[in-house]
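A.B. asks: the following block contains a protein sequence and its predicted model.
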Amino acid sequence: MQRDSRGQAPFSRGETPTRFLNVGAVIVDLDGTMVDTLGDFEVALNRMLAELALPPVDRALVERTVGKGSEHLIRQVLAEQLQRVAVSAGACPATSPQARYEQAWRAYQLHYRAINGDFSDVYPGVREGLQALQSLGLPMACLTNKPRAFAEDLLEAKGLSGFFSQVFGGDSFERKKPDPLPLVRTCEALGSPPRHTLMVGDSENDGQAARAAGCPVALVTYGYNHGRPIAEAPHDALVASLTELPALLTA
């Protein structure tokens, strides 16, 4: 097994490699898996916060919070920044996060739409990995908790949209990952049973959803995962690059 400069194994197959046999389709997460979008989130959130006369957020908080949908992200950031203001003033927060939520949501949507993709980068190996999966004849869908319109625009801006026959966002179904429903519905759209559909993601949301849906799951080692070690999330394989995926499926 190849090891990185620290002597660690960047690739791990987990305990059930047979789960990768007969994979006929692939579902790929977006933020933290294909595109590093922390810059986009940071800029849009800070423009939103400026409108609300709240202090800016740092990237570390964004990284811990992102991945569970825009609604969760905004509520968490509002709660953190209102508490920060209160602590600075030596008082309790004057308003609850929910009281400011609608204004924050409108501002965030406006600012994110304006800069979507401008402060983000495709991770190394993503295009090559997707091309290799495509060459195997595997239909692919993108499934993210990001709003679908934002996901479609980002994929188009980064030249990745052509790899996917389907794109689903956090507003596409009644529930979001880590609930298994989005994976089950995406498998239906791909015409592939969950047990034959590989989920590729970067967080426990993806791992938990895949386990509950019955999909094999590979997680990348470079994503966000709410600040927790990715090895703690449910997975069948850990990969350092999407270029490692074809070997999993053809071994």
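C.D. replies: Structure received.

A.B. asks: kindly report the domain assignment for the protein.
C.D. replies: Per automatic domain parsing, the structural domains of the chain span 17-36+120-250, 39-115.

A.B. asks: what are the bridge partners for the residue positioned nearest the centre of the chain, then?
C.D. replies: The structure's the chain has its C-alpha centroid closest to residue 31; by Cα atoms, centre = their mean the separation is 3.7 Å. Taking DSSP bridges as the rule, residue 31 bridges to residue 35.

A.B. asks: just give me the lowest mean pLDDT stretch among the domains of the chain.
C.D. replies: The weakest mean pLDDT among the domains of the chain belongs to domain 39-115, with a mean of 87.

A.B. asks: quick one: the residue nearest to the centre of the chain and residue 182, what's the gap?
C.D. replies: Computed as Cβ to Cβ, to the nearest Å, the residue 31 to residue 182 distance reads 15 Å. C-betas here are computed from N, CA, C, even on glycine.

A.B. asks: chain center to stretch 214-222, what's the gap?
C.D. replies: Centroid separation between stretch 214-222 and its chain, computed with Cα atoms, centre = their mean, to the nearest Å, is 12 Å.

A.B. asks: now the end-to-end length of that stretch.
C.D. replies: End-to-end distance for stretch 214-222: 24 Å, by Cα to Cα, to the nearest Å.

A.B. asks: OK, contacts around residue 28?
C.D. replies: By Cβ atoms under 8 Å, 6 or more residues apart in numbering, residue 28 lies in contact with 34, 130, 140-143, 164, 200-201, 242.

A.B. asks: keep only those of those residues that are in helices.
C.D. replies: Using DSSP state H, the subset of the contacts of residue 28 located in helices is residue 130.

A.B. asks: switch the contacts of residue 28 over to JSON lines; also include distance to residue 111 and neighbour count.
C.D. replies: JSON lines is the format used below for these (distance: Cβ to Cβ, whole Å; neighbours: other Cβ atoms under 10 Å):
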{"residue": "34", "distance to residue 111": "22", "neighbour count": "28"}
{"residue": "130", "distance to residue 111": "29", "neighbour count": "24"}
{"residue": "140", "distance to residue 111": "30", "neighbour count": "18"}
{"residue": "141", "distance to residue 111": "28", "neighbour count": "22"}
{"residue": "142", "distance to residue 111": "23", "neighbour count": "27"}
{"residue": "143", "distance to residue 111": "25", "neighbour count": "30"}
{"residue": "164", "distance to residue 111": "26", "neighbour count": "22"}
{"residue": "200", "distance to residue 111": "29", "neighbour count": "28"}
{"residue": "201", "distance to residue 111": "26", "neighbour count": "31"}
{"residue": "242", "distance to residue 111": "30", "neighbour count": "25"}
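
A.B. asks: between the contacts of residue 28, which is closest to residue 117?
C.D. replies: Nearest to residue 117, judged by Cβ to Cβ, of the contacts of residue 28 is residue 34 at 12.0 Å.

A.B. asks: could you pull out the helices for the protein?
C.D. replies: For the chain, the helices defined by DSSP H cover 38-51, 59-65, 70-89, 97-115, 126-135, 148-157, 181-190, 204-213, 245-250.

A.B. asks: name the residues that touch the fifth one?
C.D. replies: Defining contact as Cβ under 8 Å, 6+ apart, one finds that helix 126-135 is touched by 26, 28, 34-35, 140, 159-160, 163, 241-246, 249.

A.B. asks: can you tell me which two in those residues are farthest apart?
C.D. replies: Taking Cβ to Cβ, no two of the contacts of helix 126-135 sit farther apart than 159 and 249, at 23.7 Å.

A.B. asks: ok so, going back, buried subset of the contacts of helix 126-135?
C.D. replies: 26, 28, 34-35, 140, 160, 163, 241-246, 249 (16 or more other Cβ atoms under 10 Å).

A.B. asks: quickly compare the domains of the chain and say which is most buried.
C.D. replies: A comparison of the domains of the chain by mean neighbour count, using mean count of other Cβ atoms under 10 Å, puts domain 17-36+120-250 on top with a mean of 20.
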